[in-house]
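Asker: Sequence below, structure please.
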Amino acid sequence: MLTDTEIRKSRPTDKSYRLPDGKGLFLFITPTGGKLWRFKYRHDAKQKLMALGQYPDVPLVLARERHAAARALLATGVDPMQVRKTEKIARKATSENSFRTIAGLWLEHWRVGKSGQHVDSTRRRLEANVFPLLGARPITEIEAPELVTMVKSIEGRGVGDLAKRALETTGQIFRFGIAHGYTKRNPAAEIKPSDILRPTKKTNLARIDVKELPALLRAIEVYQGTHITRLAMKLLALTFVRTTELIGARWEEFDLEARRWNIPAWRMKMKTPHIVALSSQTIEVLELVRSLARSEEFLFPGDRNPDKPMSNNTILLALKRMGYQGRMTGHGFRGLASTILHEQGYAHEHIELQLAHAPRNAVSAAYNHALYLEPRAKMMQDWADFLEHAQRRGKVLPFPGTAA
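Answerer: Predicted coordinates:
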């Protein structure tokens with residue numbers, strides 16, 4: 001069977017060639033460097049070749065999942081390529097009255113008088129949160145339980161505020177559809193957020209509102225406590241790792257040349273390795289931390305004992321001194337990053353992997369942490385640029401780059 005290392009190291013030659021993975025699945029390497037997943041099989045005594053995507057957009061684990069799904073259909077006597085063709089025809093037949101199409105018409109009507117930033121963020125929220133479940137469905141066939149599934153799936157990612165907004169926007173689209181004769185009912189009107197969303201509770205993981213972030217970043221920049229605590233807070237904002245993962249950071253985990261922080265499994269809540277791509281701003285902070293180093297082992301050694309990491313309460317106390325007691329915690333940076341990155345339209349799976357709380361099972365645990373490294377690295381640099389611009393300008397601005 002193939003490995004990720006073998007795939008990454010494969011190089012084009014004068015002629016196309018194949019790297020087999022077993023049971024008909026192989027990676028087709030073209031002379032121009034393309035790496036294409038293909039599934040070779042027989043159905044009704046005919047040889048067939050099914051495309052499963054292109055590497056690295058479709059990594060090894062996803063190619064195997066698609067291959068397994070196709071083989072499962074074959075086992076029941078069904079041609080997987082015919083299923084794909086039938087689905088494509090069905091999508092085309094319903095596309096003119098699909099929820100996505102009507103949502104596009106609503107957006108063009110609604111955007112009049114709105115700021116470009118507001119329109120773009122609304123469009124990205126639809127793309128990231130609503131369309132994956134409802135976009136291809138005919139608007140006349142969508143029922144309330146489907147909306148509940150959508151809202152609960154968003155809430156399950158820890159962004160209940162986005163779940164509520166998604167339901168409200170969906171209701172607006174249905175009302176527009178009724179007014180223009182595309183549908184006769186609004187299933188969103190049959191649901192209240194309180195019927196399905198858990199009440200928001202105040203906890204010690206409180207976080208500020210997104211609009212307050214620039215002020216917090218400025219307060220960190222001029223923090224009157226120790227330099228090492230100020231830099232720890234800056235790194236927490238830039239990397240949005242858990243506080244325990246930050247304060248326990250060891251110099252041996254960092255590869256500045258490769259721009260990576262490799263956190264070992266034993267230090268992670270999920271007990272699997274984690275990779276943090278380092279932005280230019282993060283590397284600059286790390287170099288400052290190194291210049292103040294009081295320990296050869298820890299980035300943030302304790303004040304009294306440099307052979308142990310700083311206290312878990314250090315950052316909480318610093319936030320308290322800055323006037324954020326009960327309003328912000330170190331963990332709050334994770335919630336802010338999740339909310340903002342989702343609103344900016346970054347792929348949910350990239351965000352979840354970077355937050356290190358994506359679901360893991362026995363098969364995927366060994367390599368999930370290394371998935372989507374390139375788009376995750378771009379996302380982390382975009383995030384750092386966003387924080388820098390917000391701190392300098394004193395307000396939340398659109399991302400400098402385009403979401404991956």
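
Asker: check contacts around the residue positioned nearest the centre of the chain.
Answerer: By CA atoms, centre = their mean, the chain has its centre lying nearest to residue 351, at 2.0 Å. Residues near residue 351 by CB atoms under 8 Å, 6 or more residues apart in numbering: 337-338, 341-342, 379. From N, CA and C alone the C-beta is placed, and that goes for glycine too.

Asker: how about the helices in the stretch 51-200 of the chain?
Answerer: For the stretch 51-200 of the chain, the helices defined by DSSP state H, counting those that start in this stretch occupy 60-75, 80-94, 99-110, 116-125, 131-134, 144-155, 160-179, 193-196.

Asker: For my notes, please list those helices in a markdown table and give distance to residue 301 and mean pLDDT for each entry.
Answerer: As requested, those are exported to a markdown table (distance: least, CB to CB, whole Å; pLDDT from 0 to 100):
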| stretch | distance to residue 301 | mean pLDDT |
| --- | --- | --- |
| helix 60-75 | 39 | 93 |
| helix 80-94 | 57 | 76 |
| helix 99-110 | 52 | 93 |
| helix 116-125 | 41 | 82 |
| helix 131-134 | 45 | 91 |
| helix 144-155 | 39 | 90 |
| helix 160-179 | 37 | 91 |
| helix 193-196 | 46 | 83 |
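
Asker: where does the protein have low pLDDT?
Answerer: For the chain, residues meeting the criterion pLDDT under 70 lie at 89-95, 117, 200-205, 358-368, 400-404.

Asker: Distance of the residue lying farthest from the centre of it relative to residue 79?
Answerer: Largest separation from the mean C-alpha position in the chain: residue 45, at 43.2 Å (CA atoms, centre = their mean). Using CB to CB, to the nearest Å, we find residue 45 at a distance of 12 Å from residue 79.

Asker: mind listing the strands in the stretch 201-350 of the chain by residue range?
Answerer: Taking DSSP state E, counting those that start in this stretch as the criterion, the stretch 201-350 of the chain carries its strands at 254-255, 260-263, 274-277.

Asker: Out of the ones you listed, which one sits most buried?
Answerer: Stretch with highest mean neighbour count among the strands of the stretch 201-350 of the chain: strand 274-277 (a mean of 22; mean count of other CB atoms under 10 Å).

Asker: Which one of the strands of the stretch 201-350 of the chain lies nearest to residue 296?
Answerer: The closest of the strands of the stretch 201-350 of the chain to residue 296 is strand 254-255. By CB to CB, the value is 13.1 Å.

Asker: packing partners for the closest one?
Answerer: Using 3 or more CB pairs under 8 Å, 6 or more residues apart in numbering; DSSP states H and E, the elements in contact with strand 254-255 are strand 260-263.
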